[in-house]
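Asker: Below are the sequence and a predicted model for it; my questions follow.
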Amino acid sequence: MRVVTNKFPERFLWGGATAANQFEGGWNKGGKGPSTADMMTGGTHTTARRITPVLEEETYYPSHEAVDFYGHYKEDIKLLGEMGFKVFRMSINWSRIFPKGYELEPNEEGLKFYDDVFDELRKYNIEPLVTISHYETPYGLTEKYNGWASREVIDCYVRYCETIFKRYKDKVKYWLTFNEINCLTMALGAFMSGGILVNGKENSELSMNVKDNPQLRFQALHHQFIASAKAVKLGHQINSDFKIGCMIAYMTTYPNTCNPDDILLAQQKDQISNMLCGDVQVRGYYPKYATRFFEEKGIRIIMKQGDEEILKEGCVDFYSFSYYMSAVASADPNLEQVGGNLLGGVKNPYLKASDWGWQIDPKGLRYTLNHIYDRYQIPLMVVENGLGAVDVVEADGSINDQYRIDYLRDHILQMEEAVKDGVELIGYTMWGCIDLVSAGTGEMKKRYGFIYVDKDNEGNGTLERAKKKSFYWYKKVIETNGEDLE
Ligand code: BG6
């Protein structure tokens, strides 16, 4: 029988999260090749980012410099150390290791860069948590194979995994195979997550309304499932201490009313958008409800002999997810809709929304943690959670982001409730601990960090780092293992 405790477990992994394409910059330095993210323009709150199959000379591409972690990693890690981080979630830029994606030999300069980063983290006793693929695929794989639409990309990914697993086997223990793998269940994910140009060679927008091809997307998702399972098996062979997890964008969806039509709709959304990927990656097989969904949508997943065994042999060790908001589903198409992280839904009158319209729901995090844990009974980690907001630098240089502290505190309190409920939660990495480029809009103005970076939407700024009020607050949270949240 578990003893009910108010406390986060000892050795709880407190930290923050980033992704190379939004953070690192140095897009063509040290032998790195272009990635899919490097082909995406900036956008704004109201204008979608564009995918440009060929780089345009006069266009600004936010990932090219991002906030230049590539040139600032020592200074940045020192700041994380000062906050007392136990864990730092970062991704390896695949095209820094294999510039086109399909080479047989890796780029030594790229490998060396991450050696230096991991060594620097070790100095401050910070455990790296590495996402192997976070919304960037070497663009060479898009040009040659149309990205994950082709099965050939599985071998390229596994070669990349083998290279980094062997190289960093004594430096990294925690790995995530794909960021928000369920993004491919949505139209928006085709390019961002799958490196697929649905429209062929023309420019297209990265938005919810892109021309869609569900057959391609779900086939690509199958390829990622196989690649992930192969990576898990291989990783465990290379180092049996590795802990390898899945990562899902979790959008808890409530029914708008107790009308059974709303309830069934919410359940179906939960199954396809949230549960499908976790079910495959944790349990090692496709759930039954997927068969009906595929049939009704006219999707035929081409499986090769042996795929079912591969999935079974590559189940993840832990389940991680991002949580920013909840959504509401209604069978009534006339209700007011709001936006959100990858998916929107109907407006929830009980919740406030962020400046970007995401409905803030801390209690939904407790609900979600219980929901996932009941289903899988394996350790959970919240690897993204945070508030994208406009920060103001005062005349004296201070940045009083009390709204961010409030958001994070409310979510941490609910995580604590979930721990009391019996959920095995092992870590929390809030999103964008140092300001970085927004994935959805390409903006810098939408900031998440404890650390401010002087850079604007057009790419102007000194890149200087500054501590926000939340920096000092989070330091105290970590020091007290989540007890002092004031
Ligand atoms: C998650 C992604 O969906 O949300 C991150 O994994 C992303 O890459 C984060 O940055 C926040 O979204 P946005 O659009 O505000 O950057």
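Answerer: Nice, I can see it.
Asker: Residue numbers of the stretch 51-200 of the chain in contact with the ligand?
Answerer: Within the stretch 51-200 of the chain, the positions lying close to the ligand (C-beta under 6 Å from any ligand atom) are 135, 179-180. In short, each C-beta sits where N, CA and C put it, glycine included.
Asker: Turn those residues into CSV, including secondary structure.
Answerer: Output for these, formatted as CSV (DSSP: H, G, I helix; E, B strand; the rest coil):
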residue, secondary structure
135, coil
179, coil
180, coil
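Asker: Out of the residues you listed, which is nearest to residue 56?
Answerer: Proximity to residue 56 was ranked across these by C-beta to C-beta; first place goes to residue 135, at 20.7 Å.
Asker: just checking, that closest one touches residue 191?
Answerer: No: at 9.5 Å, residue 135 does not count as touching residue 191 under the criterion of C-beta atoms under 8 Å.
Asker: what's residue 391 in contact with, if anything?
Answerer: By C-beta atoms under 8 Å, 6 or more residues apart in numbering, residue 391 lies in contact with 399, 401, 435, 447, 452, 468.
Asker: quick revisit: which residues are in contact with both of residue 135 and residue 191?
Answerer: residue 36.
Asker: In the protein, which residue sits closest to the ligand?
Answerer: In the chain, the residue that lies nearest the ligand is residue 440 (2.7 Å; C-beta to the nearest ligand atom).
Asker: Low-confidence stretches in the stretch 1-150 of the chain?
Answerer: 1-6 (pLDDT under 70).
Asker: again, only using 80
Answerer: 1-6, 46 (pLDDT under 80).
Asker: Where do the strands of it begin and end?
Answerer: All strands of the stretch 1-150 of the chain, identified by DSSP state E, counting those that start in this stretch, fall at 13-17, 49-51, 87-91, 127-131.
Asker: quick check: angle from the third one to strand 127-131?
Answerer: When you say that, I think you mean strand 87-91. Going by axes from the mean of the first three to the mean of the last three C-alpha atoms, to 10 degrees, strand 87-91 is angled at 30 degrees with respect to strand 127-131.
Asker: Using CSV, write out every CA atom in strand 87-91.
Answerer: Presented in CSV, the C-alpha positions along strand 87-91 are these (Å, rounded to 0.1, in the frame of the first residue of the first chain):
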residue,chain,number,x,y,z
VAL,A,87,17.5,17.9,-15.7
PHE,A,88,17.7,19.8,-19.0
ARG,A,89,15.6,18.7,-21.9
MET,A,90,17.2,19.5,-25.2
SER,A,91,17.2,17.9,-28.6
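Asker: which other helices and strands contact that strand?
Answerer: Here strand 87-91 touches strand 13-17, helix 20-23, strand 127-131, strand 425-431, going by 3 or more C-beta pairs under 8 Å, 6 or more residues apart in numbering; DSSP states H and E.
Asker: With mean neighbour count and distance to residue 102 as extra columns, can I get the ones you listed in TSV?
Answerer: Listed next are the helices and strands packed on strand 87-91 as TSV, based on neighbours: other C-beta atoms under 10 Å; distance: least, C-beta to C-beta, whole Å:
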stretch	mean neighbour count	distance to residue 102
strand 13-17	25	29
helix 20-23	28	19
strand 127-131	23	21
strand 425-431	24	31
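Asker: closest one to residue 235 among these?
Answerer: strand 127-131 (10.9 Å).
Asker: And the average pLDDT for the helix or strand containing residue 403 is what?
Answerer: If you go by DSSP states H and E, residue 403 is part of helix 402-421. Averaging pLDDT along helix 402-421 gives 98.
Asker: contact partners of it?
Answerer: Helix 402-421 is contacted from outside by 4-9, 323, 360, 362-363, 365-366, 369-370, 373, 382, 385-387, 389, 425, 428, 430, 448, 468-470, 473-474, 477, 482, 485, using C-beta under 8 Å, 6+ apart.
Asker: now the residue nearest the centre of the chain, nearest residue through space, not along the chain?
Answerer: In the chain, the residue lying closest to the centroid (C-alpha atoms, centre = their mean) is residue 179, at 4.3 Å. Spatially, and ignoring its direct neighbours in sequence, residue 179 is nearest to residue 134 (3.9 Å; C-beta to C-beta, 6 or more residues apart in numbering).
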